[in-house]
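# Sharing a model that was predicted from the sequence below.
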Amino acid sequence: DVKVTQSSRYLVKRTGEKVFLECVQDMDHENMFWYRQDPGLGLRLIYFSYDVKMKEKGDIPEGYSVSREKKERFSLILESASTNQTSMYLCASSHRTGPWGQPQHFGDGTRLSIL
Amino acid sequence: AQSVSQHNHHVILSEAASLELGCNYSYGGTVNLFWYVQYPGQHLQLLLKYFSGDPLVKGIKGFEAEFIKSKFSFNLRKPSVQWSDTAEYFCAVTSGGSYIPTFGRGTSLIVHP
């Protein structure tokens, strides 16, 4: 069974801090994603990676960066945390097969509070 | 760009009632369609998917969905809901050669025992 593991379930940080959210998947998936989930807004894509060192901006990349140095690990970085980045962050992965890929597998999420 | 609409934002039902959640997408070409469910405190998981073939697909826990190409719809149905179906439901679509799904905003379902 696919396992997507996010490093923290809950995280509290202060404004201006640099915050790292880590995600590891164990199924050799090519694609990895970072989303934020806010009530009434659904899932909004922050960044997407389709291979090691490759990344694409999603719908809301401002204030975030990502790193993918190994295939199994995808990190989300908040360069200087602000209160409007308080949210639930979800990591997902999927295989890059077929014309439009396969279903995504999600981690448990990290609920991040910026004070 | 693809867009996905879930018209029901909040649905409240009693146990044994029938359920239908709407999902409409905008892109008219070939699509892959998904429904995901997020139970309280749990991660999002796949409920069912449509890639091709029979437009009526069956998923886990008695859920099914029907792909109607002419209506750009992929509605989720269950004939008799249970309290344990209380969750948030998301419709998602991939299309146009992209591996990045477009999600609807989700429908919160509450089932009263």
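Cool, the structure landed.
# Quick check: residues of chain B near chain A?
When proximity is defined as CB under 8 Å from any CB of the partner chain, chain B approaches chain A at B:9, B:30-32, B:34, B:36, B:42-46, B:49, B:51, B:90, B:92, B:94-101, B:103-106. C-beta coordinates here come from the backbone N, C-alpha and C atoms, glycine included.
# which of those residues are buried?
B:31-32, B:34, B:36, B:43-44, B:46, B:49, B:51, B:90, B:92, B:94-95, B:98-101, B:103-106 (16 or more other CB atoms under 10 Å in any protein chain shown).
# what about stretch B:58-75, start to end distance?
12 Å (CA to CA, to the nearest Å).
# How about stretch A:49-69?
11 Å.
# Can you confirm whether that stretch lies near chain B?
Yes: judged by CB under 8 Å from any CB, stretch A:49-69 comes into contact with chain B at A:50, A:56, A:58.
# In ChimeraX, how would I select just the buried ones from the residues you listed?
Those of those that count as buried under 16+ other CB under 10 Å are selected in ChimeraX with:
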select /A:50,58
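# Pick the one among the residues of stretch A:49-69 next to chain B closest to residue A:92.
Using CB to CB, residue A:58 comes nearest to residue A:92 of the residues of stretch A:49-69 next to chain B, at 11.7 Å.
# just checking, the closest one touches residue A:43?
No: under the criterion of CB atoms under 8 Å, residue A:58 is not in contact with residue A:43, lying 10.0 Å apart.
# and for these two, which residues touch both?
Common neighbours of residue A:58 and residue A:43, using CB atoms under 8 Å, 6 or more residues apart in numbering or on different chains, are residue A:35.
# Poorly predicted segments of chain A, please.
In the predicted model of chain A, residues A:1-2, A:98-101 satisfy pLDDT under 70.
# Point out the residues in it that sit beside chain B.
So chain A meets chain B at A:4, A:31, A:33, A:40-43, A:45, A:48, A:50, A:56, A:58, A:90, A:92, A:94, A:96, A:98-101, A:103-109 (CB under 8 Å from any CB).
# So residue A:112 versus residue A:87, what's the distance?
Distance check for residue A:112 against residue A:87: by CB to CB, to the nearest Å, it reads 6 Å.
# What is the neighbour count of residue B:62?
Using other CB atoms under 10 Å in any protein chain shown, residue B:62 is surrounded by 14 other residues.
# Could you check how far it is from chain A?
Plainly put, residue B:62 is 19 Å away from chain A if you go by CB to the nearest CB, to the nearest Å.
# Now the phi/psi pair for that residue, please.
Here the main-chain torsion angles of residue B:62 (degrees, to the nearest 10) amount to phi 80, psi 10.
# ditto for the one 10 residues further on
Residue B:72 adopts backbone torsions of phi 50, psi 40, taken as degrees, to the nearest 10.
# list the contacts for it?
Residues near residue B:72 by CB under 8 Å, 6+ apart: B:24, B:25, B:26, B:27, B:28.
# Narrow the residues you listed to those in strands?
B:24, B:25 (DSSP state E).
# any chance of the contacts of residue B:72 in JSON lines, plus neighbour count and pLDDT?
Formatted as JSON lines, the contacts of residue B:72 follow (neighbours: other CB atoms under 10 Å in any protein chain shown; pLDDT from 0 to 100):
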{"residue": "B:24", "neighbour count": "18", "pLDDT": "96"}
{"residue": "B:25", "neighbour count": "20", "pLDDT": "95"}
{"residue": "B:26", "neighbour count": "13", "pLDDT": "92"}
{"residue": "B:27", "neighbour count": "17", "pLDDT": "79"}
{"residue": "B:28", "neighbour count": "9", "pLDDT": "72"}
